[in-house]
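In: Below is the sequence, then the predicted model.
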Amino acid sequence: MIKISIIGYGNVAQHLIHAFMQNPTIQIEQVFVRKPEKVSYLHPSIKVTSDWSQLLPSDIFIIAVSDDAIAEVSSSLPLKNQFVVHTSGSVELEQISNHNRRGVFYPLQTFTKNKTVDFTTIPICIESEFSADLEILKNLAVAISEKTYIINSQQRKALHVAAVFVNNFVNHMYQIGSEICQENQIPFSILESLIAETASKITNLSPKEAQTGPAKRDDQRTIATHVAFLESNEMHQNIYKLLTQSIQKNEQEL
Ligand SMILES: NC(=O)c1ccc[n+]([C@@H]2O[C@H](COP(=O)([O-])OP(=O)(O)OC[C@H]3O[C@@H](n4cnc5c(N)ncnc54)[C@H](OP(=O)(O)O)[C@@H]3O)[C@@H](O)[C@H]2O)c1
């Protein structure tokens, strides 16, 4: 049985609690929340505290708070030589106070409130200061996910940048596409099948092999028409030109 305590009750904390609750080898000892009134529902077996001095002994303390608060929260823990991990993609392991044994338990997924996720498919990136602790993290990760990766802080930083490109930026492209559809009285849903196929084909093809469109074909006349179409929105026009250049540079180089 792995005993864990979770600090924070945001998106990640709530999804982790849900996933851990499904596994009989994990016991959630306690959740620390600074505003207990924010806790909507928790299983009666989980204790809640907002008082650092009331923390219960656990095998792992998981800090799932905003990136900027990780260092401060870890220094507030009245613990010595305990195993303390955070869940961030971009914060170095060293940001955790060195009063304790440090680690990272980063679930590589986008979590949204009230949107359930299948944790078994989510890669868990783990890192620890000491090799014995890596075993504890492996056991915890394997209990909820089929994909565990040992990733150091430098690699995690790179991974997070890559994730911003494939997740946040791609989603922003949806936003732009949606605005263009709306301005022209076209339902955005018309693009759903295209979006789904684009996402699914990169499981079999490299992104370079999967690329299509006027930039890849160097179809100058179509590109010029699109750039002219975007005349009224300089930001969208610049994004279009920059991405076109990037695709074309990629085609020439590789
Ligand atoms: N969201 C994602 O998709 C995602 C994915 C992977 C990893 N992560 C990482 O997981 C961590 C948590 O992200 P999240 O999305 O769950 O954030 P979130 O929903 O914004 O929740 C943040 C939590 O941190 C608490 N908090 C903030 N400052 C605090 C402080 N000084 N002391 C105590 N508690 C504090 C907040 O408490 P209050 O409610 O009282 O403000 C809240 O419970 C971050 O490191 C993030 O990078 C996020």
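Out: That came through, no problem. Residues are numbered from 1 along each chain as shown.

In: Residues contacting stretch 241-254 from elsewhere in the structure, which ones?
Out: Lys208, Gln211, Gly213, Pro214, Ala215, Lys216, Asp218, Ile223, Val227 (CB atoms under 8 Å, 6 or more residues apart in numbering). Where C-beta positions appear, they are placed from N, C-alpha and C, glycine not excepted.

In: can you list the residues you listed in CSV and add secondary structure?
Out: Shown next, in CSV, are the contacts of stretch 241-254 (DSSP: H, G, I helix; E, B strand; the rest coil):
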residue, secondary structure
Lys208, helix
Gln211, coil
Gly213, coil
Pro214, helix
Ala215, helix
Lys216, helix
Asp218, coil
Ile223, helix
Val227, helix
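
In: Which strand residues bridge Ile7?
Out: Beta bridges link Ile7 to Phe32, Ile63, judged by DSSP bridges.

In: Show me where the stretch 51-200 of the chain has its strands.
Out: 60-63, 83-86, 101-107, 124-128, 148-150 (DSSP state E, counting those that start in this stretch).

In: Any chance of TSV for the ones you listed, columns mean pLDDT?
Out: Formatted as TSV, the strands of the stretch 51-200 of the chain follow (pLDDT from 0 to 100):
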stretch	mean pLDDT
strand 60-63	98
strand 83-86	98
strand 101-107	97
strand 124-128	97
strand 148-150	97
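
In: Quick one: closest of those to Ser76.
Out: Comparing these by their distance to Ser76 (CB to CB), the top pick is strand 60-63, with 10.0 Å.

In: Could you check the closest one against the ligand for contacts?
Out: No - on the criterion CB under 6 Å from any ligand atom, strand 60-63 is out of touch with the ligand, staying 7.9 Å away.

In: Would you mind giving the strands of the stretch 51-200 of the chain as JSON lines with mean neighbour count and distance to Ala141 added?
Out: Below are the strands of the stretch 51-200 of the chain laid out as JSON lines (neighbours: other CB atoms under 10 Å; distance: least, CB to CB, whole Å):
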{"stretch": "strand 60-63", "mean neighbour count": "25", "distance to Ala141": "11"}
{"stretch": "strand 83-86", "mean neighbour count": "26", "distance to Ala141": "11"}
{"stretch": "strand 101-107", "mean neighbour count": "23", "distance to Ala141": "7"}
{"stretch": "strand 124-128", "mean neighbour count": "22", "distance to Ala141": "4"}
{"stretch": "strand 148-150", "mean neighbour count": "15", "distance to Ala141": "4"}
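
In: Columns distance to Leu140 on top of those strands, output as JSON lines?
Out: JSON lines is the format used below for the strands of the stretch 51-200 of the chain (distance: least, CB to CB, whole Å):
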{"stretch": "strand 60-63", "distance to Leu140": "7"}
{"stretch": "strand 83-86", "distance to Leu140": "9"}
{"stretch": "strand 101-107", "distance to Leu140": "7"}
{"stretch": "strand 124-128", "distance to Leu140": "8"}
{"stretch": "strand 148-150", "distance to Leu140": "9"}
